[in-house]
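[1] below are the sequence and a predicted model; questions follow.
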Amino acid sequence: MKKYSHAWIAFMAIKRLEVIATTTDEKVISGVSDKVRTEAKALVKWFKNYRDFVIKGAWYPDDVFKDMATSHIVKYRPAEDGTYNTFGSLPSTHSIYTKMSKESPLKGKPYNIEGGNCADRCEAVSHSIIDNFKMLNREEKGCPIATSGNHIAMRFFILSHYIADCHMPLHCDCRPYSDGKGIHGGIEKKWEDAISKAYKIDKDNNRFFYDPDGYPLPLTASPFTTNVEKEIATRKYMHGWGGKNNNVWDYMSVVSQYSYLFSYFLIPEDFENTKSMKEFETDTEWGKYFEMYSTMIFSDAIDSVARIWLHIWIKYKDWAKV
Ligand SMILES: [Zn+2]
């Protein structure tokens, strides 16, 4: 994913948190505790102080860390004698998980993991955010070892990048769909073009222009951006990690498993990265229903970012109360 796609996902995760905090739609919030909703509201209020840093933060891993070949991916390959054959569970609202549980021919079949540590990275950054919050809370204002709200917000946006990348099916697929080139680059360009046209971006100052509610100012919506916005406003929120998952690492590991299944579902086994976008559009499941599958990927990514952020925030708040 490219710069504004990442920034938009992070911003939409804030919007999703606001939906969780304020909606009156019982379908969305049935089963969500008052505590979770109260903390979602507090987190949105906190984020609004730092929204100008969304683009810079969400793009920081590609721009500065340059750990794309390791931390933005988990590379799976089906293998008859593979080391693994288990697949975890996710909240039933995760659309890729639900679809692949029913429809993937590779579900339950053995596989190998040949590289990447995206789930580890997500777990590590999550810990660092909680630690930094605790230090900010404990130390005196201006004390040189204390961090700042700005810095922590940057880390949240950085974290959103890794979470989003794991939802991009090609980031979890061992076939040589190298980042930025061929159909991988073509798909990401289609997303970036749609998002760049859909919102007014203050490119000189590296931030979005805002609507009266403080979210990216709409310009020319595409079916894709409209559908994602609709989905995050109406999807049921489930705060739990799903299945036996107990933390960010467990959750993101399972996300990567279903991203892998989705990639093989969307693109035929022998479809080469060097093929044209025209061939992608006619010869792959993904190309034929591009808007629909892209909406699933982005909506799941946004929901996951909101869920992980909220768990981090509540973990810190619980500590602060003791
Ligand atoms: Zn990336």
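    Structure's in. What do you need?

[2] can you count the residues close to the one residue in the chain that gets nearest to the ion?
    The nearest approach of the chain to the ion comes at His72, 3.8 Å away (CB to the ion). In short, each C-beta sits where N, CA and C put it, glycine included. With neighbours defined by other CB atoms under 10 Å, the count for His72 comes to 23.

[3] now it: how far from Thr226?
    28 Å (CB to CB, to the nearest Å).

[4] then Asp211?
    15 Å.

[5] and what of Leu219?
    Distance from Leu219 to Thr226, by CB to CB: 12 Å.

[6] cool, and Thr274?
    Counting by CB to CB, the gap from Thr274 to Thr226 is 32 Å.

[7] tell me which of these two has more neighbours.
    Ranked by neighbour count (other CB under 10 Å), Thr274 and Thr226 place Thr226 first, with 15 against 10.

[8] could you say which helix or strand holds that one?
    Assigning secondary structure by DSSP states H and E places Thr226 in helix 223-234.

[9] CA atoms only: put the helix or strand just after that helix into CSV for me.
    Per DSSP H and E, the first helix or strand lying C-terminal to helix 223-234 is helix 248-266. In CSV, the C-alpha atoms belonging to helix 248-266 read as follows (Å, rounded to 0.1, in the frame of the first residue of the first chain):
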residue,chain,number,x,y,z
VAL,A,248,-1.7,-8.6,19.3
TRP,A,249,0.8,-11.2,18.1
ASP,A,250,-1.8,-14.0,18.2
TYR,A,251,-4.4,-11.9,16.4
MET,A,252,-2.0,-10.6,13.7
SER,A,253,-0.6,-14.1,13.1
VAL,A,254,-4.1,-15.3,12.3
VAL,A,255,-4.8,-12.3,10.1
SER,A,256,-1.7,-13.3,8.1
GLN,A,257,-3.0,-16.8,7.7
TYR,A,258,-6.3,-15.7,6.1
SER,A,259,-4.5,-13.1,4.0
TYR,A,260,-2.5,-15.9,2.6
LEU,A,261,-5.6,-18.0,1.9
PHE,A,262,-7.2,-14.9,0.3
SER,A,263,-4.3,-14.3,-2.0
TYR,A,264,-4.5,-17.8,-3.4
PHE,A,265,-8.2,-17.5,-3.7
LEU,A,266,-8.0,-14.2,-5.6
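
[10] helices and strands around helix 248-266, which ones?
    Here helix 248-266 touches strand 75-78, helix 95-103, helix 118-138, helix 149-167, helix 285-288, helix 290-321, going by 3 or more CB pairs under 8 Å, 6 or more residues apart in numbering; DSSP states H and E.

[11] which helices and strands does the first one pack with?
    In terms of contacts (3+ CB pairs under 8 Å, 6+ apart), strand 75-78 is packed against strand 111-115, helix 248-266.

[12] ok, and for the first one, which residues are buried?
    Which is strand 111-115. Residues of strand 111-115 classed as buried by neighbour count (16 or more other CB atoms under 10 Å): 111, 113.

[13] quick check: angle from it to helix 248-266?
    If you take axes from the mean of the first three to the mean of the last three CA atoms, to 10 degrees, strand 111-115 sits at 110 degrees to helix 248-266.

[14] tell me how far strand 111-115 is from the chain's mean position?
    Using CA atoms, centre = their mean, to the nearest Å, the mean C-alpha position of strand 111-115 is found 22 Å from that of the whole chain.

[15] enumerate the residues of the stretch 151-300 of the chain near the ion.
    Within reach of the ion by CB under 5 Å from the ion, the stretch 151-300 of the chain has these residues: Asp165.

[16] so what's Leu43 closest to, chain neighbours aside?
    Trp313 (4.7 Å; CB to CB, 6 or more residues apart in numbering).

[17] surely the one you found and Val44 touch.
    No: look at Trp313 against Val44 with CB atoms under 8 Å: they stay out of range, at 10.1 Å.

[18] and Met135, how many neighbours?
    By other CB under 10 Å, 14 other residues sit near Met135.

[19] swap in Arg175?
    Using other CB under 10 Å, Arg175 has 17 other residues around it.

[20] which SSE is it in?
    For Arg175, there is no helix or strand it lies in under DSSP H and E.

[21] of the helices and strands packed on helix 248-266, which is nearest Lys56?
    helix 149-167 (7.3 Å; CB to CB).

[22] and the angle from that closest one to helix 118-138?
    Taking the same axes, to 10 degrees, one finds helix 149-167 and helix 118-138 inclined to each other by 160 degrees.

[23] distance between helix 149-167 and the chain's centre?
    9 Å.

[24] average pLDDT across it?
    Here helix 149-167 scores 97 as its mean pLDDT.
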